[in-house]
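Trainee: prediction below, plus the sequence it came from.
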Amino acid sequence: MAPLLVSIALGLLLLAWAGSNPPGFAPDEQVHQVKAIGAGTGQWRGDPGQLPVLAFGDGPGKETREAWINAATRAFDLPEGLDPYTSGYPCQLFENDKPVTCLNGDRPRAPAVEGAVAYVGTYVPYLYAISGVVMVQMDEAREALYAGRTVNAVLVAALLSLACLAAWDRNAGLLSVSGVLLAATPTTLFLGSALGTNGLEISASLCLLTIALRSGRPGEAPSWAWPGAAFAGLLLATSRSTGPAWVVVAGAIAVYQVGPRGAWRAVAARPRRALPALAVIAAGLLATAAWEVLYQPHPGVDLAVAREGLRQLPSDVTVWAHQWVGIFGWSSLSMPKWSTSLWLVAVVALVSVALAVASSAQRRLLALVLAGTTVLGIALDVLVFQQTRFPVFGRYLLALVVVVPLAAGEVLTRQSFRIPARVRRAAPLGLAVLVATVHVVALWANARRYAVGTSGPAMFIGRSQWVPPGGWQPWAVLMLAAAASLVAAGVLSVSHRSQDAPEADRA
C-alpha cells in the first residue's frame with residue numbers, strides 16, 4: 001500500500017505542476033513546443049533556419065554562443081492555430097514581483113506558419129514526437145501546450161511509479177523508498193511536467209538506476225524487472241544527447257554489484273525477458289547515436305575554457321545544489337531557501353546513515369557512486385557544457401546526481417535490520433512529512449509568483465490577477481491530496497513491523 005500511495009502522490013503533484021504553471025514558464029518551453037509539433041507532423045530534421053535576432057549576451061564567448069545557436073537552429077512548419085510565438089507566452093518572464101497579467105485576455109487565432117525557428121531544432125527528436133502527435137490534434141497553441149505537458153507528466157508518473165515498485169522492500173517498509181522520495185525533487189517534478197525532454201531524461205534515469213541498484217539484492221529478480229528496464233532504458237537512451245551516458249552508468253552499477261558472471265546468470269535465468277529488453281535498449285542507443293552523428297552539432301574542446309570552468313566549479317556546485325532541489329521558471333524562480341536547505345540536509349543525512357550502517361562492500365559501492373558522479377559530472381561540465389559558452393544549469397546533470405540518494409536508499413534497504421525498529425518505523429514518517437511539506441511549498445511559491453507576484457499576499461486565492469485553466473482550486477486540491485497521500489504512507493510505516501534479524505545474504 002505504501003508504494004502505491006507514494007506513486008499516487010507523485011502523479012498528483014505532476015498533474016498539479018502541469019496545470020497550474022503558466023504556459024511558456026518552463027525552460028525554453030515555447031521553443032520545445034515548436035520542436036514537438038514539428039516532430040509530431042513528421043518534420044524530425046526541420047529545415048535550415050536562423051534566429052532573426054541573437055540576444056545571448058555580449059560577454060566572453062559571444063561568437064561561440066552564436067555559432068552554437070545557429071548550428072542547432074532549425075525551421076518547422078506549424079499548422080493553423082499552433083504557433084506559440086504569436087500566442088503571447090511567455091511574458092514578463094523575469095519580473096518575479098509582478099503577476100503575469102499579460103497572459104489575460106483572448107488572442108486572435110494564429111495563422112499557419114512556414115519556417116518557425118527553434119534553437120533546439122537539432123535535438124534528438126524521438127520523445128518530442130510522442131507529445132507532438134497529441135499536440136497537433138489541438139486547435140490552439142495553449143491547448144496544445146497543456147496537452148503536451150500532460151503527455152510528458154503521464155510518462156514521468158509511470159517512470160516514478162516503476163521506481164517506487166523497484167525500490168520497495170516489505171521488510172524495510174517505506175524506508176526502502178527514501179532514495180526515490182529524495183531523488184524526485186520539486187525540480188524533477190517541475191521539469192517532468194513541462195514540454196521538452198529534460199524531465200523525461202531525469203525520471204527515466206531515476207527509474208533505470210533504481211532497477212539497476214535493486215539487481216544487487218539476494219534472490220531472483222521479479223518478473224517485471226526486465227520489461228521495466230526496457231521501458232526506462234528506451235526512454236532514457238532516446239531522451240537527450242546525454243541519455244546514453246546514463247544508460248551506461250546504470251548498466252555499470254548493475255554489473256559491478258553482481259559481477260560479469262552474475263550478470264550473465266541473470267540474463268540466462270530469464271532469456272525470453274532479458275534478451276528482448278536488452279535489444280530494445282540497444283536499439284534506443286543506436287538510434288540516438290545515429291542522430292548524434294548525422295545531425296547534432298558538437299562543440300570543440302578549448303582547454304582554456306575548461307580551466308576556467310574548473311576555477312568556477314566550487315561556486316557553480318553551490319548554485320547547482322539549490323537548482324537540483326527547487327528552481328522553476330527559466331531557472332528564474334527559487335522556492336524559499338529554508339525548504340531547499342531542509343531537503344539538502346535530508347539527503348546528507350540519508351547518505352551519512354547509509355555509510356554508517358553499510359557493509360564493506362556497500363561502502364565501496366557508495367564510494368564509487370560518489371566518486372564516479374563527481375568525476376563524470378566535472379568532465380561533462382568543463383569538456384562539453386562549458387564549451388558552448390552558455391551558462392550551465394543544474395538540470396543538465398540532475399539525471400546523474402539522482403544516483404546518490406538512490407544508492408544511499410538502497411543500502412538502507414538492505415541494512416534496515418541494523419536500524420532500531422522504533423527508528424525504522426518513525427523515520428519514514430518524518431521523511432514523508434518533510435517531502436510533502438517541501439512539495440507544497442514549492443508549488444505554492446510558484447503559483448503565488450504568477451498569481452500576484454512574489455511581493456503579493458501569501459494567501460492569494462480569491463485575489464489572483466492571473467488564474468490557470470479551471471482556476472486555482474482544482475490544482476490546490478491535487479496538491480493537498482498528494483501531500484495527504486505522502487503523509488498516509490508515512491503513517492502506515494509507523495505500524496509496519498519489520499523483521500529485525502539479519503537475513504543470510506543481506507550484505
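Mentor: Perfect, I can see it now.
Trainee: could you use CA atoms for every contact and neighbour count after this?
Mentor: Fine.
Trainee: which parts of the one helix or strand A367 maps to are buried?
Mentor: Per DSSP states H and E, A367 falls inside helix 360-380. By 16 or more other Cα atoms under 10 Å, the buried positions in helix 360-380 come out as 362-363, 365-366, 369, 373, 377-378.
Trainee: pLDDT below threshold where in the chain?
Mentor: Low-confidence segments of the chain, defined by pLDDT under 70: 496-507.
Trainee: if you count neighbours, what's buried in the lengthiest helix in it?
Mentor: Taking DSSP state H as the criterion, the chain has its longest helix at helix 421-451. Buried positions in helix 421-451, judged by neighbour count with 16+ other Cα under 10 Å: 421, 424-429, 431-451.
Trainee: related to what we said a few turns ago, helices or strands next to the helix holding A367 in the packing?
Mentor: With contacts taken as 3 or more Cα pairs under 8 Å, 6 or more residues apart in numbering; DSSP states H and E, helix 360-380 sits against helix 398-401, helix 403-414.
Trainee: just the residues contacting the shortest one, thanks.
Mentor: With Cα atoms under 8 Å, 6 or more residues apart in numbering as the contact definition, helix 398-401 has outside contacts at 201-203, 205-206, 246, 324, 373, 377.
Trainee: 10 Å instead?
Mentor: Applying Cα atoms under 10 Å, 6 or more residues apart in numbering, the contact partners of helix 398-401 are 183, 185, 187-188, 198-206, 209, 236, 242-243, 245-246, 249-250, 320-321, 323-325, 369-370, 372-374, 376-377, 394-395.
Trainee: those, buried ones only, as a PyMOL selection?
Mentor: To isolate the buried members of the contacts of helix 398-401 in PyMOL, using 16+ other Cα under 10 Å:
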select buried, resi 183+185+187+188+198+199+200+201+202+203+204+205+206+209+236+242+243+245+246+249+250+320+321+323+324+325+369+373+377+394+395
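Trainee: helices - which of the contacts of helix 398-401 land there?
Mentor: Among the contacts of helix 398-401, the ones falling in helices (DSSP H) are 183, 187-188, 198-206, 209, 236, 243, 245-246, 249-250, 320-321, 323-325, 369-370, 372-374, 376-377.
Trainee: if we can go back for a sec, nearest to V133, of the helices and strands packed on helix 360-380?
Mentor: Of all the helices and strands packed on helix 360-380, helix 398-401 sits nearest to V133, with 25.7 Å by Cα to Cα.
Trainee: do you have the strands of the stretch 1-150 of the chain handy? List them.
Mentor: 47-48, 74-78, 113-118 (DSSP state E, counting those that start in this stretch).
Trainee: redo those as a markdown table? Include distance to L174 and mean neighbour count.
Mentor: Supplementary listing: these in a markdown table, determined by distance: least, Cα to Cα, whole Å; neighbours: other Cα atoms under 10 Å:
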| stretch | distance to L174 | mean neighbour count |
| --- | --- | --- |
| strand 47-48 | 50 | 16 |
| strand 74-78 | 47 | 23 |
| strand 113-118 | 44 | 19 |
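Trainee: for those, give me CSV that also has distance to I281.
Mentor: Formatted as CSV, the strands of the stretch 1-150 of the chain follow (distance: least, Cα to Cα, whole Å):
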stretch, distance to I281
strand 47-48, 29
strand 74-78, 28
strand 113-118, 29
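Trainee: now for the ones you listed, which one comes closest to Q473?
Mentor: With Cα to Cα, the closest approach to Q473 among those belongs to strand 74-78: 33.6 Å.
Trainee: angle of the closest one against strand 113-118?
Mentor: Put simply, strand 74-78 runs at 140 degrees to strand 113-118, going by axes from the mean of the first three to the mean of the last three Cα atoms, to 10 degrees.
Trainee: list the strands paired with strand 74-78, with their directions.
Mentor: Here strand 74-78 is paired, per DSSP bridges, with strand 47-48 (antiparallel), strand 113-118 (antiparallel).
Trainee: pull the CA atoms of it into PDB?
Mentor: Provided in PDB are the C-alpha atoms of strand 74-78 (Å, rounded to 0.1, in the frame of the first residue of the first chain):
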ATOM      1  CA  ARG A  74      16.100  24.600 -37.500                       C
ATOM      2  CA  ALA A  75      12.800  25.700 -39.000                       C
ATOM      3  CA  PHE A  76       9.500  23.900 -38.900                       C
ATOM      4  CA  ASP A  77       6.100  24.400 -40.500                       C
ATOM      5  CA  LEU A  78       3.300  24.800 -37.900                       C
END
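Trainee: and the contacts of that strand?
Mentor: Contacts of strand 74-78 (Cα under 10 Å, 6+ apart): 34-39, 41, 43-51, 83-84, 110-123, 136.
Trainee: among the residues you listed, name the buried ones.
Mentor: 34-39, 41, 43-47, 49-51, 83-84, 110, 115-123, 136.
Trainee: among these, which lie within helices?
Mentor: 34-39.
Trainee: which member of those is positioned nearest A67?
Mentor: The closest of these to A67 turns out to be K35 (Cα to Cα; 19.6 Å).
Trainee: roughly how far is stretch 241-251 from the heart of the chain?
Mentor: 14 Å (Cα atoms, centre = their mean, to the nearest Å).
Trainee: then stretch 484-498?
Mentor: Distance of stretch 484-498 from the chain centroid (Cα atoms, centre = their mean) equals 26 Å.
Trainee: just the buried residues of that stretch, please?
Mentor: Across stretch 484-498, burial judged by 16+ other Cα under 10 Å covers 484-494, 496, 498.
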